[in-house]
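Enquirer: how does the following fold in three dimensions:
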Amino acid sequence: MEKIKTDRFISFEGIDYSGKTTQIDLLKSFLEGRGFNVFVIREPGGTAISEKIRQLLLDKKNFKMYERAELFLYSAARVQLVVEKIIPMLKKDFFVIADRYVDSTTAYQGYGRRIDLKVIKQINKAATFDIMPNITFYLEIKPGRAYERRNDSAKQTDRLEAAGLEFYKRVFNGYKKISQKNKSFYVLDAEQSVETIHKQILNIITPKIMD
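Expert: Numbering: from 1, shown residues only. Here you go, the predicted model:
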């Protein structure tokens with residue numbers, strides 16, 4: 001595959017109810033206001049095939065899904081997304097903002113489901129064609145606080161959200177380990193105000209997009 005420039009590829013990570021969607025929307029508006037083209041994607045999903053896989057993954061009826069089957073389904077959805085959306089948009093010089101990417105797989109399926117991290121790494125590499133974000137913003141919130149936000153929203157839980165607090169504690173600890181190893185990972189306190197987090201993101205990204 002030809003070399004793809006990824007300097008405009010940004011991902012957002014965090015456990016559920018960390019506020020990713022809000023910050024993605026704010027960043028999209030900021031970039032568009034400065035004349036940039038922006039394309040937002042979510043995982044799993046974003047293509048016809050990926051959305052069907054999403055339904056399988058999140059349906060609480062599929063409680064018997066084996067951990068490795070879950071891993072392969074997430075990765076299959078990612079392949080479609082990378083080939084159909086991410087690569088074409090990056091070629092057109094769009095900013096591509098991803099609501100989750102490979103770090104979610106490492107955190108959730110690796111640390112959360114306890115699948116061998118070497119296996120996770122190999123599958124992530126194959127599923128992305130080595131297309132990796134230039135910047136990753138991780139909105140850090142403790143699982144207990146995230147559970148409080150979930151209860152406050154009175155939203156029906158999906159299969160992953162119903163995995164339990166201990167599972168999310170492992171995911172949280174996994175993200176901590178990932179952040180310590182990844183130099184493009186920026187950890188932001190998700191308990192801060194929406195405006196404060198947005199300003200921090202702009203302080204990080206503005207010098208990079210002005211290069």
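Enquirer: report the contact partners of the residue most central in space within the chain.
Expert: Residue closest to the average C-alpha location in the chain (CA atoms, centre = their mean): Arg100, at 1.1 Å. Residues counted as contacts of Arg100 (CB atoms under 8 Å, 6 or more residues apart in numbering) are 11-13, 20, 42-43. All C-beta atoms are positioned from the backbone trio N, CA, C, and that covers glycine.
Enquirer: okay if I get those as CSV plus pLDDT?
Expert: Rendered in CSV, the data for the contacts of Arg100 read as follows (pLDDT from 0 to 100):
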residue, pLDDT
Ser11, 98
Phe12, 98
Glu13, 98
Lys20, 97
Arg42, 95
Glu43, 97
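Enquirer: keep only those of those that are in strands.
Expert: Among the contacts of Arg100, the members found in strands (DSSP state E) are 11-13, 42.
Enquirer: just those residues now: which is nearest Lys5?
Expert: Set against Lys5, the nearest of the ones in strands among the contacts of Arg100 by CB to CB is Ser11 (15.7 Å).
Enquirer: where does the prediction get shaky in this structure?
Expert: The chain contains residues with pLDDT under 70 at 1, 152-156, 210-211.
Enquirer: now do the strands in it.
Expert: Across the chain, reading from the start of the chain, the strands by DSSP E fall at 9-13, 38-42, 95-99, 135-140, 185-189.
Enquirer: nearest to Thr206, of those?
Expert: Ranking the strands of the chain by proximity to Thr206 (CB to CB) places strand 135-140 first, at 11.6 Å.
Enquirer: contacts for stretch 122-130, please.
Expert: 1, 71-72, 75-76, 78-79, 82-83, 87, 101-102, 105-106.
Enquirer: of those - the most surrounded one?
Expert: Each of the contacts of stretch 122-130 was scored for neighbours by other CB atoms under 10 Å, and Arg78 scores highest at 29 neighbours.
Enquirer: how much space is there between that one and Glu148?
Expert: Arg78 is 30 Å from Glu148, where distance means CB to CB, to the nearest Å.
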